[in-house]
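> generate a structure from the sequence data that follows.
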Amino acid sequence: MHFWEGVSLAFHQIRAEKLKSFFSLLGVIMGVMFLIIVVTVVEGLDRYVREDLTSQIFGVNTVTLSRSPSVNINTTREQRRERNRRPRLRFEDADAVREQLELPARVAVESRTGGSIVGDNGITASGVSITGASPAIFEIRDHTIEFGRAFTTQENAAGSAVLVIGSETADLVFEGQSAIGRNMRVRGFPYRVIGVLEERGSLFGQSLDNMVIAPARSPLRAITAPLGYVDDIIIQAIDPDQLRDIQMEVEGIMRVRRRLRPTQEPDFSLETADEAISFWDNISRMLFTALPMLVSISLVVGGIVIMNIMLVSVMERTREIGVRKALGAKRKDILAQVMIESATLSTVGASFGVLAGLGIAQVISALSPMPAAVSPKWIMLGLGLGLTVGIIAGVYPAAQASKLDPVDALRYE
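From the prediction side, this is the model:
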């Protein structure tokens with residue numbers, strides 16, 4: 001009975017003095033709201049980076065062999081110079097990896113550039129991502145063909161001028177008409193469209209569907225892979241458990257090809273998706289480390305305000321407490337009632353903070369490329385923090401109320 005009585009008194013106070021209650025709970029609301037906004041956006045980004053970004057950019061269970069790492073953070077000028085002096089990868093390197101790799105894997109080359117393309121109807125699409133790649137890239141990158149087909153190994157070896165295009169590119173150039181069998185010029189080179197990819201959406205606001213993929217050895221290689229160079233060689237493990245073994249095998253193959261001694265540093269880069277996004281791990285770790293300190297400031301302020309409000313509430317109900325004691329209420333009863341009331345007030349504030357935080361996070365997600373993900377554990381943490389602040393803030397007022405002498409309390413005006 002004491003529990004529900006304390007809860008009822010807390011809600012009665014909120015209803016009776018709405019503005020006062022709002023300002024009393026503002027610190028808790030702001031603290032929990034800030035917590036929910038930050039963790040919702042950071043968790044959304046984390047999930048996006050680990051699931052969508054890695055599959056779209058790196059592929060699943062892949063090792064990327066390149067001239068230098070894809071992410072260059074905290075590198076010195078000398079390190080950058082050393083990487084620029086490294087020899088570039090060639091088609092022959094990919095052939096050697098494909099032939100000498102003992103573990104089962106898919107191997108593809110990939111070279112990228114950008115530019116405009118022109119359809120046979122004269123319509124131009126600009127800012128198109130242009131890729132020259134091996135046929136295996138469709139499986140490695142999980143590209144799904146919606147219409148038509150992908151180019152074959154034979155077409156790649158022959159350097160056929162065929163093209164697979166993104167759904168947005170198809171809509172821009174051919175305006176809703178079928179693109180299969182149509183012709184277009186890519187950076188001046190004539191090509192025939194044989195396939196259209198399924199829509200993939202966007203990545204941080206950038207479309208993933210305004211793109212074309214041509215065979216790596218097609219005429220486009222004069223731009224994407226001049227002199228037989230390639231940007232990346234991607235190796236995908238058939239068995240995910242063998243990824244690290246494949247990485248070690250590829251390193252051995254390349255060290256032999258580059259004639260590197262055991263003590264020499266490699267003049268190439270081998271990255272898995274996890275290694276490539278390690279920079280994000282550092283950023284998210286810093287955010288989650290700093291977050292409790294920032295939130296605690298608002299919660300401490302909110303707790304002090306609630307404590308003051310409860311002291312005022314105890315003073316206003318001094319005669320009521322005296323009557324209760326005179327009728328047999330024990331000290332622990334008064335103590336529990338005040339603490340329950342304080343905890344209820346704070347939890348209500350935390351609930352409003354959670355709702356406000358979720359709402360603002362969804363607005364941010366809708367109006368910007370920042371994704372948001374709602375995790376129940378953070379909602380429970382927000383409510384738990386509100387409850388904890390209320391209990392701590394209620395200790396002193398509850399102790400003061402429980403110590404009141406019933407005779408003095410009854411005389412209080």
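
> residues making contact with stretch 341-355?
Residues lying outside stretch 341-355 but in contact with it, judged by CB atoms under 8 Å, 6 or more residues apart in numbering, are 6-7, 9-11, 13-14, 21, 24-33, 35-36, 302-303, 306-307, 309-310, 313, 379, 382-383, 385-387, 389-391, 393-394, 397-398. Bear in mind the C-beta positions are built from the backbone N, C-alpha and C, glycine included.

> so which of these are in helices?
Among the contacts of stretch 341-355, the ones falling in helices (DSSP state H) are 6-7, 9-11, 13-14, 21, 24-33, 35-36, 302-303, 306-307, 309-310, 313, 379, 382-383, 385-387, 389-391, 393-394, 397-398.

> buried members of the contacts of stretch 341-355 into PyMOL, please.
For selection in PyMOL, the members of the contacts of stretch 341-355 meeting the burial criterion (16 or more other CB atoms under 10 Å) are listed in this command:
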select buried, resi 6+7+9+10+13+14+21+24+25+26+27+28+29+30+31+32+33+35+36+302+303+306+307+309+310+313+379+382+383+385+386+389+390+391+393+394+397+398
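
> buried residues of the biggest strand by length in the chain, list them for me.
Longest strand of the chain, by residue count under DSSP state E: strand 105-119. Judged by neighbour count (16+ other CB under 10 Å), strand 105-119 contains these buried residues: 105-111, 113, 117-119.

> for whichever helix or strand comes after that strand, buried residues please.
With elements assigned by DSSP states H and E, the helix or strand that comes after strand 105-119 is strand 124-133. Of all the residues in strand 124-133, those buried under the rule 16+ other CB under 10 Å are 125, 128-133.

> quick one, strands of this protein?
Listed from the start of the chain, the chain has strands (DSSP E) covering 62-66, 89-90, 105-119, 124-133, 145-148, 162-165, 183-186, 189-197, 202-203, 206-207, 211-215, 229-230, 232-237, 269-272.

> okay, now the sheet partners of the fifth one, with direction.
What that stands for is strand 145-148. Partners of strand 145-148 in the sheet, by DSSP bridges, are strand 189-197 (antiparallel).

> thinking residue 334 is in contact with residue 401, fair?
Yes - with contact taken as CB atoms under 8 Å, residue 334 and residue 401 are classed as touching, separated by 5.2 Å.

> show residues contacting stretch 153-166.
Under the contact criterion CB under 8 Å, 6+ apart, stretch 153-166 has outside partners 134-135, 138, 143, 145, 148, 150-151, 173, 179, 184, 186, 189-197, 200, 207-219, 221.
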